[in-house]
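Asks: Structure, please.
(chains A, B, C and D)
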Amino acid sequence: MAFNWFKYSSPQTFYPLAGRLVPFFAVLAAVLGAIGLYIGFFVAPTDFQQGEAYRIIFIHVPAAWMSMFIYLVMAAWAALGLILNTRLSSMMATALAPTGALMTFLALWTGALWGKPMWGTWWAWDARMTSELILLFLYIGFMALQASIDDPRRADKAGAILALVGAVNVPIIYFSVKWWNTLHQGASISVGRSPSMASTMLLGMLVMALAYWMYSIAVTLMRVRSIILERERNTQWVRDLPGAPA
Amino acid sequence: MNWGSLDQFLAMGGYATYVWGSYIVSVLVLAVEVVLLRRRHRTLRAGAGRSAQQPDTVA
Amino acid sequence: MWDAFVAVFARDVLQAWRRRADWLTSIFFFVIVVSLFPLGVGPEPALLRTMAPGIVWVAALLAAMLSLPRVFGSDYADGTLEQLVLTPHPLTVIVLAKVLAHWLLSGVPLALIAPVLALQFGLEGEPVGVLFVALLLGTPCLSLIGGVGAALTLGVRGGGVLIALLVLPLYIPVLIFGAGAVEATVAGTGAAGHLSLLAAGLLIAIVLAPWAIAAALRVALE
Amino acid sequence: MLEVRDLACQRGEQPLFSGISFDVSAGELLWVEGRNGSGKTSLLRILCGLSPAEAGSIRWRGENIRGAREVLLGDTLFLAHANGLKDDLTVVENLRFDARLAGMNAGADRVDAALRACGLGERRDLAVRYLSQGQRRRAALARLWLAQSRKLWILDEPFAALDAESVDRLAAHLGAHLEAGGLAVLTTHQEVPLPAGRTRRLRLDH
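Replies: Residues are numbered from 1 along each chain as shown, chains lettered A, B, ... in the order given. Model (predicted):
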C-alpha cells in the first residue's frame, strides 16, 4: 500500500489527524444512532413473548459486543506497542480501556434491567453475564495498574503485558464459566434471544452496534488526543499549539 | 407504527422502568464521557498555552 | 542452565527457611479463613458439605495471593533481581525456579493441610483425596499466574492491593475447575474431567507464564 | 572493545543526556563523572543492557548488544548501587550463589580467598544483616575477586562506604584487572587513586 502508515504513527502528526477524524465518526455515530433507535422503536414489531421489554436489546447487545471487541483491539494495540515500541499504539490501548469498561458496565446494567422483567431477577449467574462481570474486573485491573505507575513508558509496557495475559485468559475464563454454569443446573436460565427474531429487530440491533462502534472510535480518538498532550507537554510542538482550541 | 399515542410510547407496554431505565442511563453515561473528555482536552490546551510562557516548569 | 535453575531454587528455599515465620503466616491465614466460614453461615452439616470445596478453594486463592509480593519483592529491594536478570542464562529458567520455590513453600503446604480442614466440613473418603490432587494441580497455576501479577506490580504504588485486583480475576478458571472437581466427586459424577482440565491449564501456564513474568521483570527494572 | 555512539537517555519524559560517544578498549578504565541526577547510573544500566537507550548504539566486541545480549552478559560484571546481597543468608552463601549463577563453579577455597582479599575472612559465616554498610559493600565487591574471567566491569559507586584501606585494595585490584587486559566503567564521587595512564574521563553534565 502506498499509504505511509509510519508517518501517522508519530503523536505529533496523529494529533491533528485525530482532531479531524473525531467529528466524522461522531456524526456517523449520531446518524446511525438515530436510524437505529427509529428502527428499534418504530419499525421493529412488539415481541410476542417479551412484549416491549425486549427493546433493551438494541442497546444491550451492542454494548456487550463492543465491550469484548474493545478488549481485543486494546490488547492488539498494546501488543503492537510492546513489539514495535511505537508510543502511539500504547496510547491507543490506554485510551480504549475506559470506554471498554464503560461498555461493560452498560452491558451489565441493561442486562440487569432486561433480566428483571423477563425472568424475575436482576442478576443471574449465567455464563455470559458472569464473563461480562469478569471482563469488567480485567478492565479495572488494567486501568488501576497503569494509573499506579508514574513512568508512562513503564505503564505502557506493564499494561501491555497484562492486556495480553488477559486476552489469552478471556476464552479460558469464558469456557470455564460456561462449564461451571452447565454443571449447576439449578441456577441456570437460558439467556437467549427468541429463536424467531424478526428481521427488522436484527437490523435495528446491527445499526445500533455500528453506532456504538463509531461512538467508541470517536471517543477513543478524543481521549488519545488528551493523552498525547499530557505525555508530550514538554515538547516544542505542544508548546507551539494555540492555547485554546478553535 | 407501533404506538397509538405518546402515552403508549412512554408506557412501553408496562415495562417503562426497565426500558427507559436502560436507555436513559446509557445515553447519560455516554454523554457524560464525551463532556468529560472535551473538558479534559480543553484544560490541557489551556495548560499548553501557559507552559509556553514558563517553559521550565517541571510537572 | 540447569545449574542456575537449581542454584536459584535452592537459594529461595534456604532464604524462606531462614524466614519461615513469614510463610507459616500465610498457611495459618488459610486455616483461619476456612474456619471462619462455619461461624458465618452456621453449623448445618449438609450446607457445610456443599460449601466446603468452594470455601477451601477461595481461601487457597487468597492465601496464595497473600504470599505473592514475596516472590520478587525482596530481590527487587536488595538488588539481587538485577543480578539475576544480568546472568547469561535465559530469564525464563530463573523465573521458573523462583515460581517452583514459591509453589513448594505456599502451594504444597495448602494441599497438605486442606484434607484436615475438609474433615471440619464433614467431607470424607474420596472427595478428600480429590481435593488434595486438585490443589496439587491447581496451586502451581496460582503461583504461575500470580507471578505475573507480582512482577507487574514491583515497586508500584499500592502494590499489595493491586496484585489482588490483577490476579484474582485470572484465578477464576482454576477456582472453577478445582472446586468443581471436588463437587463432582461428591455428586458421584467423577472428577476426571475437571482434573484433566486443571492439568491442561497447568501446562498452558507453564508454557506461557514464564515469558510474561520475564518480560514484566525486565520492564520493572528498566 | 566497547564502542558507544550517540547515546541518549530519557527518564520519564525528562531528557537526561544525549549525543554521548566513547570507546573503551582493553586495559582501559572509563570514569563517568557528573552531578547527582545527571544520568550516571542510567548510563551504566544502559551499558549492561538493563534499560533501553532512547537513541544510539552500543557495540561490544564489534557486535550491537541489542542482538547479542548473551555475549555481553557473559563478559560483564555489574555492581549496582544496591549490593545485591540477601540479608538472611551468610556472606559465604551469598557469594557461592553468585559464583554458581555466573557459571563459575568456584570451590570453597576460591570463595574463601576472595573473602580474605576483602578483609571479610572471619565474617564468612555471619548473616549479611549483621554487617555494617562498609562490610556489606566489601562483601558485594568480593565478586570482583571471584569473577576474574569477566572482562568488562561496570561499577556504580564501588568506593562508597569503604574505609581507606579497602579503597586502596580495590584500586590495586582494578589496576591488576586492567593490566590483564580487562575493561572497567565506573562512577565515583571520591578522589580515588585510579590507575594512572589507563583512566579516561567522561563528564555527563554538559
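Asks: When you work out contacts or count neighbours from here on, use the C-alpha atoms and nothing else.
Replies: OK.
Asks: Within range of chain B, give me the residues from chain A.
Replies: Contact residues (C-alpha under 8 Å from any C-alpha of the partner chain) of chain A with chain B: A:41-43, A:45-46, A:51-53, A:55-56, A:59, A:102, A:106, A:109-110, A:113-114, A:117, A:219, A:222-223, A:225-226, A:229-230, A:233-234, A:238-245.
Asks: Using ChimeraX, define a selection of the buried residues within these.
Replies: In ChimeraX, this line selects whichever of the residues of chain A next to chain B come out buried by 16 or more other C-alpha atoms under 10 Å in any protein chain shown:
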select /A:41,45,46,52,53,55,56,59,102,106,109,110,113,114,117,219,222,223,225,226,229,230,233,234,238,239,243
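Asks: Would you mind measuring from the residue in chain D positioned nearest to chain A to C:Ala134?
Replies: In chain D, no residue comes nearer to chain A than D:Gly12, which is 5.1 Å away by C-alpha to the nearest C-alpha. The spacing between D:Gly12 and C:Ala134, counted by C-alpha to C-alpha, to the nearest Å, is 45 Å.
Asks: which residue ranges form the strands in chain D?
Replies: D:2-11, D:14-24, D:29-33, D:55-60, D:63-64, D:76-79, D:152-156, D:183-187, D:199-203 (DSSP state E).
Asks: Would you mind saying which of those strands lies nearest chain C?
Replies: That would be strand D:76-79 among the strands of chain D, by C-alpha to the nearest C-alpha, at 7.6 Å.
Asks: list the helices and strands the closest one packs on?
Replies: strand D:152-156 (3 or more C-alpha pairs under 8 Å, 6 or more residues apart in numbering or on different chains; DSSP states H and E).
Asks: what are the ranges of the helices in the chain?
Replies: Since no chain was named, I'll use chain A. Secondary structure of chain A (DSSP state H): helices located at A:11-38, A:57-84, A:87-119, A:127-147, A:152-183, A:199-231, A:236-239.
Asks: ah, I was thinking of chain D
Replies: So, for chain D - with DSSP H - the helices run D:40-47, D:69-75, D:91-101, D:108-117, D:133-141, D:143-146, D:164-179.
Asks: export those to CSV and tack on distance to C:Gln120?
Replies: Output for the helices of chain D, formatted as CSV (distance: least, C-alpha to C-alpha, whole Å):
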stretch, distance to C:Gln120
helix D:40-47, 54
helix D:69-75, 54
helix D:91-101, 43
helix D:108-117, 51
helix D:133-141, 50
helix D:143-146, 53
helix D:164-179, 62
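Asks: Of all those helices, which one is nearest A:Leu136?
Replies: Closest of those to A:Leu136 is helix D:40-47, at 38.0 Å (criterion: C-alpha to C-alpha).
Asks: Against which helices or strands is that closest one packed?
Replies: Checking 3+ C-alpha pairs under 8 Å, 6+ apart, helix D:40-47 ends up next to strand D:152-156, strand D:183-187.
Asks: switch to 10 Å and redo it
Replies: Identification of packing neighbours for helix D:40-47 by 3 or more C-alpha pairs under 10 Å, 6 or more residues apart in numbering or on different chains; DSSP states H and E yields strand D:2-11, strand D:14-24, strand D:29-33, strand D:55-60, strand D:76-79, strand D:152-156, strand D:183-187.
Asks: Just put the ones you listed in TSV and tack on mean pLDDT.
Replies: Formatted as TSV, the helices and strands packed on helix D:40-47 follow (pLDDT from 0 to 100):
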stretch	mean pLDDT
strand D:2-11	86
strand D:14-24	85
strand D:29-33	89
strand D:55-60	87
strand D:76-79	89
strand D:152-156	91
strand D:183-187	90
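Asks: Redo those as JSON lines? Include mean neighbour count.
Replies: JSON lines is the format used below for these (neighbours: other C-alpha atoms under 10 Å in any protein chain shown):
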{"stretch": "strand D:2-11", "mean neighbour count": "18"}
{"stretch": "strand D:14-24", "mean neighbour count": "16"}
{"stretch": "strand D:29-33", "mean neighbour count": "21"}
{"stretch": "strand D:55-60", "mean neighbour count": "18"}
{"stretch": "strand D:76-79", "mean neighbour count": "25"}
{"stretch": "strand D:152-156", "mean neighbour count": "23"}
{"stretch": "strand D:183-187", "mean neighbour count": "23"}
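Asks: out of the ones you listed, nearest to C:Arg11?
Replies: The nearest among those, by C-alpha to C-alpha, is strand D:76-79 at 19.9 Å.
Asks: Let me see the contact set for the residue nearest in space to the middle of chain D.
Replies: Chain D has D:Leu155 as the residue nearest its centroid, 2.3 Å off, counting by C-alpha atoms, centre = their mean. Applying C-alpha atoms under 10 Å, 6 or more residues apart in numbering or on different chains, we find D:Leu155 in contact with D:31, D:41, D:44, D:77-81, D:141, D:184-188.
Asks: that older thread, D:Gly12 and C:Ala134: who's more crowded?
Replies: C:Ala134 (26 against 13; other C-alpha atoms under 10 Å in any protein chain shown).
Asks: D:Val128 touches D:Arg138, doesn't it?
Replies: No. The criterion here is C-alpha atoms under 10 Å, and D:Val128 misses it with D:Arg138 at 11.2 Å.
Asks: ok so, going back, and of the contacts of D:Leu155, the nearest to chain B?
Replies: Using C-alpha to the nearest C-alpha, the contacts of D:Leu155 come closest to chain B at D:Thr41, 21.5 Å.
Asks: pretty sure that closest one contacts D:Val185?
Replies: No. Look at D:Thr41 against D:Val185 with C-alpha under 10 Å: they stay out of range, at 11.1 Å.
Asks: what do the two both touch?
Replies: Common neighbours of D:Thr41 and D:Val185 (C-alpha under 10 Å, 6+ apart) are D:32, D:47, D:155-156.
Asks: Can you tell me the element the residue of chain C found nearest chain A falls in?
Replies: Residue nearest to chain A within chain C: C:Leu166 (5.0 Å; C-alpha to the nearest C-alpha). C:Leu166 is part of helix C:159-187, with elements assigned from DSSP states H and E.
Asks: Could you give me the buried positions within that helix?
Replies: Here helix C:159-187 shows C:159-160, C:162-186 as buried, counting by 16+ other C-alpha under 10 Å.
Asks: Tell me the first helix or strand C-terminal of that helix.
Replies: Counting by DSSP H and E, what follows helix C:159-187 is helix C:192-221.
Asks: check whether that following helix contacts chain A.
Replies: Yes. Counting by C-alpha under 10 Å from any C-alpha of the partner chain, chain A has neighbours in helix C:192-221: C:194, C:197, C:201, C:208-209, C:211-213, C:215-221.
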